[in-house]
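# Sequence and predicted structure, then a few things I'm wondering about:
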Amino acid sequence: MDPVIDVNQKKIVRLYGAFGAGLVFSMVPLWSAALVSAVLVTGVLIIAYVLRTDAEHGSLSENHMTFIIRTIWIGSFLALITTAAASVYFFKALDNTPLQPCAEAILSMASGMSDPTAMERTIDNFMAMPCWATYWQKNLMIFIIGGVIAAGPILIYFIVRYVRGLTRAIKGYRVANPKAWF
């Protein structure tokens, strides 16, 4: 026997579905997926504001819309903090010495150039130089750790809040304290 789900509850679950899709796309390492994720999450945020405005005070819909809105804004704020922490880590940990010979070669090639297209070709040559392979090889673990610092806590935060909200919405329950940070 299937539980009876009202129209508002279906809207809430569908909105969580769009939010979940945005979270999944945010984990795909492509710019196009990041763009789709940003559009989905922004759309979810706008729809949540609209639905919360139309909802009765204290209703299931208002409760979950507040929870979704707070999740997105607080998660975004925490993302700023973790991105700043990862940036500090990168600044202190990255070893740029493998790029030094290539940078010096570029500077010597670029000296005296006045043609902008020649400068572009020089920069393209820099990107193709063998220094990049050494640079990535030497700094790979630093990039991985920095990525975990920047994205790890935020993904965990969003996933925990998403699962918590979705499971409560499917059951027709309110979130205990939708304005809580955690």
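Sure, I can see it.

# So residue 66: helix, strand or coil?
Local secondary structure at residue 66 is given as helix here, using DSSP: H, G, I helix; E, B strand; the rest coil.

# Apologies, that question was intended for residue 142.
Assignment for residue 142 (three-state DSSP): helix.

# Please list all residues in contact with the closest residue in space to it that isn't next to it in sequence.
Closest residue to residue 142 apart from its sequence neighbours, by C-beta to C-beta, 6 or more residues apart in numbering: residue 93 at 4.7 Å. From N, CA and C alone the C-beta is placed, and that goes for glycine too. Neighbouring residues of residue 93 by C-beta atoms under 8 Å, 6 or more residues apart in numbering: 142, 145, 146.

# Touching, the last one and residue 88? I think so.
No: the pair formed by residue 146 and residue 88 falls short of the contact definition of C-beta atoms under 8 Å, at 9.6 Å.

# Comparing the two, which shows the higher neighbour count?
residue 146 (21 against 12; other C-beta atoms under 10 Å).

# and the helix or strand that one falls within, how far out from the chain's middle?
For residue 146, the host element (DSSP states H and E) is helix 131-171. Centroid separation for helix 131-171 versus its chain: 8 Å, with C-alpha atoms, centre = their mean, to the nearest Å.

# Same check on stretch 67-76?
Distance, centroid of stretch 67-76 to centroid of chain: 13 Å (C-alpha atoms, centre = their mean).

# what helices or strands is the helix holding residue 146 leaning on?
helix 7-26, helix 60-93, helix 100-110 (3 or more C-beta pairs under 8 Å, 6 or more residues apart in numbering; DSSP states H and E).

# between the second one and helix 131-171, how many degrees?
I take that to be helix 60-93. 160 degrees (axes from the mean of the first three to the mean of the last three C-alpha atoms, to 10 degrees).

# what's residue 59 in contact with, if anything?
Applying C-beta under 8 Å, 6+ apart, we find residue 59 in contact with residue 8.

# now it: how far from residue 145?
Going from residue 59 to residue 145 by C-beta to C-beta, to the nearest Å gives 45 Å.

# Low-confidence ranges, this protein, go.
1-5, 109-129 (pLDDT under 70).

# Find the residue at the geometric middle of it.
Nearest residue to the geometric centre of the chain (C-alpha atoms, centre = their mean): residue 26, 5.5 Å.
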